[in-house]
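here is a sequence with its predicted model. Questions after.
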Amino acid sequence: MLRSLNSSVSGMKAFQNKLDVIGNNIANVNTVGYKKSRIMFQDVLSQTVRGSSSPDPVGGSGGTNPVQIGLGVKTASIDTIHMAGSPTTTNLSSDLYMDGDGFFVVQSDSGAKYLTRAGNFDRDGAGNLVNPQGYKVLDSDGNPIQVDSDVYVSYTIDYNGVIKGVTPAGTADEIATLGTVVVSNPGGLKKVGGSLYELTGNSDTETNIDNLIAKRSDNHAGQIVSGQLEMSNVDLSEEITEMITAQRGFQANAKVITVSDSILEELVNLKR
């Protein structure tokens, strides 16, 4: 059997994976806080037809290079690109934009804690600051943030993430400070859906979010801008270009299979 058949099949599978990644990026072009993905390829094991030889130091024959035939391609990695997306103004005080490398921290009903760049928060009926899934936003002490509507008529959030509630008398009370986290390797975070990320062993040496909040909330997480949201960092023109490249690569591999099939047909017809 021709090696080109298996090599081209692996190429078609690889480009199909690339199209899957591109399709997901385009689908999330308007998703708040979404970070695009990219796929990288690498060749698989090559078959050595002839090994290399060293040159004769005495002055005889020269050296020769190895003769190898590649056996296809495979997916090396699918990376998440944590480049900042463009801010968009909403003028809602509960919408937050993180101007830096930090992440907001939210907690589910089960107590599980996640990181997110999507700052489209709101207050529920009890005054808790929550995300669209109803997960509570945590402060710098790892506790849920609550702005009691029976006590405060309004609230503001400054650049440092300090939440201040305004009483009916017009005084401003400091309620809490938003908890933020910076991880050493954002690309190592695991996507769990809903614009949420989960810590992994390769995202940071510290795998406890509570410790990361205490460690990183007061330094280089970045400024917090109220009334703005971070949009997706997907570049639509770039994705369309990559899609065309993937389509042509898929077609080229399919063409190699067609040519290989024609060669095999000629071999079969030699008997006639």
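Thanks, I have the structure now.

so where's the stretch 151-272 of the chain uncertain?
Along the stretch 151-272 of the chain, segments meeting pLDDT under 70 span 215-220, 272.

specify the beta-bridge partners of residue 40.
Beta-bridge pairing of residue 40 under DSSP bridges involves residue 77.

next up, the contacts around it.
Shown in contact with residue 40 (CB atoms under 8 Å, 6 or more residues apart in numbering): 75-79. Every residue, glycine included, has its C-beta placed from N, CA and C.

can you read off the pLDDT for it?
Here the pLDDT value assigned to residue 40 is 95.

got it, and the one 10 residues further on?
The predicted local distance difference test score for residue 50 is 88.

how close does the closest residue to it other than its chain neighbours sit to residue 167?
Ranked by CB to CB, 6 or more residues apart in numbering and with sequence neighbours excluded, the top spatial neighbour of residue 50 is residue 67, at 4.1 Å. Going from residue 67 to residue 167 by CB to CB, to the nearest Å gives 82 Å.

for this structure, what spans make up the helices?
Using DSSP state H, the helices found in the chain span residues 3-27, 209-216, 236-269.

mind listing what's buried in the second one?
Just to be clear, that refers to helix 209-216. For helix 209-216, a neighbour-count test (16 or more other CB atoms under 10 Å) marks 209, 212-214, 216 as buried.

closest one to residue 107 out of the residues you listed, please.
Set against residue 107, the nearest of the buried residues of helix 209-216 by CB to CB is residue 209 (9.1 Å).

can you tell me the closest non-neighbouring residue to that closest one?
In space, residue 209 is closest to residue 113, 4.5 Å off (CB to CB, 6+ apart).

isn't residue 207 right up against residue 198?
No. Using CB atoms under 8 Å, residue 207 is not in contact with residue 198; the gap is 10.1 Å.

ok, those two, which is more surrounded?
Comparing residue 207 with residue 198 by neighbour count (other CB atoms under 10 Å), the higher total belongs to residue 198, at 14 against 11.

who's in contact with that one?
Going by CB under 8 Å, 6+ apart, residue 198 touches 114-115, 189-192.

repeat that for residue 161.
Here residue 161 is in contact with 140, 177-178, 180, 217, 224 (criterion: CB under 8 Å, 6+ apart).

count the neighbours of the closest residue to it other than its chain neighbours for me.
Distances taken as CB to CB, 6+ apart put residue 178 closest to residue 161, at 3.4 Å, once the chain neighbours are dropped. By the criterion of other CB under 10 Å, residue 178 has 27 neighbours.

so which bits of stretch 93-102 are buried?
Residues of stretch 93-102 classed as buried by neighbour count (16+ other CB under 10 Å): 94-98, 101-102.

what's the closest of the residues you listed to residue 242?
When those are compared against residue 242 (criterion: CB to CB), the nearest one is residue 101, at 25.7 Å.

pretty sure that closest one is touching residue 182, no?
Yes. Judged on CB under 8 Å, residue 101 makes contact with residue 182 at a distance of 5.4 Å.

returning to what we had before: what's the burial count for the residue nearest to residue 50?
Neighbourhood size, residue 67 [other CB under 10 Å]: 12.

so how far is residue 48 from it?
Distance from residue 67 to residue 48, by CB to CB: 7 Å.

spit out the residues that contact those two alike.
The overlap between the contact sets of residue 67 and residue 48 (CB under 8 Å, 6+ apart) is empty.

rewinding a little: ok, the residue nearest to residue 50 - contacts?
48-50.

okay, now residue 140: neighbour count?
19.

now do the phi/psi pair for it.
Main-chain dihedrals, residue 140, degrees, to the nearest 10: phi -70, psi -10.
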